[in-house]
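>>> missing the sequence, but the structure's below:
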């Protein structure tokens, strides 16, 4: 079928000119000033004169309508790349290629919009089919690798404590606050992110947790490729792998308390571990508050491990607060780099704490009040309240065997090992 040619109309502002005069106007447009042309051709003021020109009918055919396209005159600034081509029937537009322009144009006529939508729908469906197939493959793989549920008695003391923290996290995830958009599951599981990740890794390793057959595929792949624990938690891709389903939390607490009766040292070790990470948490929160980089490397960890033999979390945090005040002044003065000031904070904490030990006032040193304590993590609450039953003493007392009741001639003089 012969393509249709639709004749463009003359713009009303040029209707008083003959065809010859209009062509003369078009030809002179790119070489003369607009003001001269406006006066000579008696055109009412218009900054974009090229938009008054009649488009040219060209041989290129609209891919949708079998109509010859119109080619519009470009402005003076875009003369080198040419004008756009448009279908007078459906408004399908072909824009000139401009490799020097930051702009990227695409046609938004009804036909092109429909074609793009259909393409996106096809791609979406293909992706859904692919994702479904991959997810079914993942489910089958997890089903084949699925470990049999274990018994609570197969877990050691620390693993049981970590299991309790996970149960607390699940409980918090189902609470009212979890409905808010800002809520992230297990966000307050432990004082630090590193300890939170350790908890989940330990529970996966001892098989108290397993990856659900309905796990989010992206989260699972992120875990496999990048060891990303957070994604598994947020997507709720983990599930319990314990036989005792009923009253699991209470049963676990009872097991732990019975173990403590014969070995209080286990309680001191988990106390020191939580205390260590609470000290690291407070230090890094305070550093970030004044715009300094965090410090959670070996030097920092070894410092707090050493100080917890003498000081409580409350006292260490008070020392940290005083050193941070000095660091804030150093930062304002601009005398040192942020990294150097942050390093000096760790050194300052050690010096201040050693001074208290040498001068003998470390035991009477008043720590940071409990009302100014960082919000307790789920792990901290259950360790101090449910497992050790020492409440706020876990914060205001240094970790030691002396706080527990002595039974069966238990030796209080055992020195607890460093935090692992």
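Okay, I see it. Since the model is a prediction, treat every value here as computed from it, not as a measurement.

>>> for the rest of this, base every contact and every neighbour count on C-alpha atoms.
Noted.

>>> figure out how far the longest helix along the chain is from the centre of its chain.
The single longest helix within the chain, with elements called by DSSP state H, is helix 110-145. Distance, stretch centre to chain centre, for helix 110-145: 25 Å (Cα atoms, centre = their mean, to the nearest Å).

>>> spatially nearest residue to residue 208 (excluding sequence neighbours)?
Closest residue to residue 208 apart from its sequence neighbours, by Cα to Cα, 6 or more residues apart in numbering: residue 241 at 5.0 Å.

>>> tally of neighbours for that neighbour?
23 (other Cα atoms under 10 Å).

>>> residue 286: what's it in contact with?
When contacts are counted by Cα atoms under 8 Å, 6 or more residues apart in numbering, residue 286 touches 321, 324.

>>> related to what we said a few turns ago, following the longest helix of the chain, which helix or strand shows up next?
Once helix 110-145 ends, the next helix or strand along the chain (criterion: DSSP states H and E) is helix 157-173.

>>> residue 97 - nearest residue in space that isn't next to it in sequence?
residue 81 (6.9 Å).

>>> am I right that that neighbour sits in a helix?
No. Per DSSP: H, G, I helix; E, B strand; the rest coil, residue 81 lies outside any helix segment and is coil.

>>> circling back to that earlier point, does the residue nearest to residue 208 really touch residue 150, like I thought?
Yes. Contact criterion Cα atoms under 8 Å: residue 241 and residue 150 qualify, at 6.4 Å.

>>> need the overlap of contacts for those two.
207, 208.

>>> helices of this structure, start to end?
Using DSSP H, helices in the chain cover 19-29, 34-40, 110-145, 157-173, 193-205, 217-226, 229-234, 248-262, 265-289, 298-307, 313-333, 338-359, 378-381, 393-396.

>>> so which of the ones you listed is the most packed in?
helix 378-381 (a mean of 23; mean count of other Cα atoms under 10 Å).

>>> for that one, the distance to its chain's centre please.
With Cα atoms, centre = their mean, you get 23 Å for helix 378-381.

>>> pLDDT of it, averaged?
The average pLDDT within helix 378-381 is 94.

>>> that helix packs against which elements?
helix 157-173 (3 or more Cα pairs under 8 Å, 6 or more residues apart in numbering; DSSP states H and E).

>>> so what touches the helix it packs on?
Contacts for helix 157-173 (Cα under 8 Å, 6+ apart): 152, 178, 185-186, 188-189, 199-200, 202-203, 206, 208, 249, 252-253, 256, 259, 266, 270, 378-379, 382-383.

>>> rewinding a little: what angle sits between the longest helix of the chain and helix 217-226?
Our comparison of helix 110-145 with helix 217-226, counting by axes from the mean of the first three to the mean of the last three Cα atoms, to 10 degrees, yields an angle of 60 degrees.

>>> which helices and strands does helix 110-145 pack with?
Helix 110-145 is packed against helix 217-226, with contacts defined by 3+ Cα pairs under 8 Å, 6+ apart.

>>> please name every helix or strand in contact with the helix it packs on.
Using 3+ Cα pairs under 8 Å, 6+ apart: helix 217-226 touches helix 110-145, helix 229-234.

>>> hey, least reliable of those by pLDDT?
helix 110-145 (a mean of 80).

>>> low-confidence stretches in this structure?
Scanning the chain for pLDDT under 70 picks out 45-47, 98-104, 135, 137-147, 173-185, 245, 405-420.

>>> give me the longest strand you can find in this protein.
strand 56-61 (DSSP state E).

>>> give me the domain ranges for this structure.
In terms of domains, the chain is parsed into 12-107, 112-145, 149-249, 263-403 (source: automatic domain parsing).

>>> quick one: closest of these to residue 3.
Proximity to residue 3 (Cα to Cα) singles out domain 12-107 among the domains of the chain, at 5.1 Å.

>>> how far does that closest one stretch from start to finish?
Counting by Cα to Cα, to the nearest Å, you get 27 Å between the two ends of domain 12-107.

>>> for the closest residue to residue 112 other than its chain neighbours, grab phi and psi.
Distances taken as Cα to Cα, 6+ apart put residue 92 closest to residue 112, at 7.3 Å, once the chain neighbours are dropped. Backbone torsions of residue 92, given as degrees, to the nearest 10, read phi -60, psi 130.

>>> quick one: contacts for residue 151?
242, 243, 244.

>>> actually, residue 328.
The contact partners of residue 328, taken as Cα under 8 Å, 6+ apart, are residue 290.

>>> quick one: it and residue 48, what's the gap?
From residue 328 to residue 48 the distance is 59 Å (Cα to Cα).

>>> just send the helices and strands packed on helix 217-226 back as TSV, with distance to residue 275 too.
Listed next are the helices and strands packed on helix 217-226 as TSV, based on distance: least, Cα to Cα, whole Å:
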stretch	distance to residue 275
helix 110-145	37
helix 229-234	23
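
>>> quick one: which of those is nearest residue 368?
Ranking these by proximity to residue 368 (Cα to Cα) places helix 229-234 first, at 31.1 Å.

>>> helices or strands up against the closest one?
helix 193-205, helix 217-226.

>>> at 10 Å what do you get?
Helix 229-234 makes packing contacts with helix 157-173, helix 193-205, helix 217-226, strand 238-240 when contacts are defined by 3 or more Cα pairs under 10 Å, 6 or more residues apart in numbering; DSSP states H and E.

>>> picking that back up, got JSON lines for the helices of the chain, with distance to residue 403 too?
Output for the helices of the chain, formatted as JSON lines (distance: least, Cα to Cα, whole Å):
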{"stretch": "helix 19-29", "distance to residue 403": "95"}
{"stretch": "helix 34-40", "distance to residue 403": "93"}
{"stretch": "helix 110-145", "distance to residue 403": "45"}
{"stretch": "helix 157-173", "distance to residue 403": "19"}
{"stretch": "helix 193-205", "distance to residue 403": "25"}
{"stretch": "helix 217-226", "distance to residue 403": "41"}
{"stretch": "helix 229-234", "distance to residue 403": "35"}
{"stretch": "helix 248-262", "distance to residue 403": "13"}
{"stretch": "helix 265-289", "distance to residue 403": "10"}
{"stretch": "helix 298-307", "distance to residue 403": "18"}
{"stretch": "helix 313-333", "distance to residue 403": "15"}
{"stretch": "helix 338-359", "distance to residue 403": "21"}
{"stretch": "helix 378-381", "distance to residue 403": "17"}
{"stretch": "helix 393-396", "distance to residue 403": "9"}
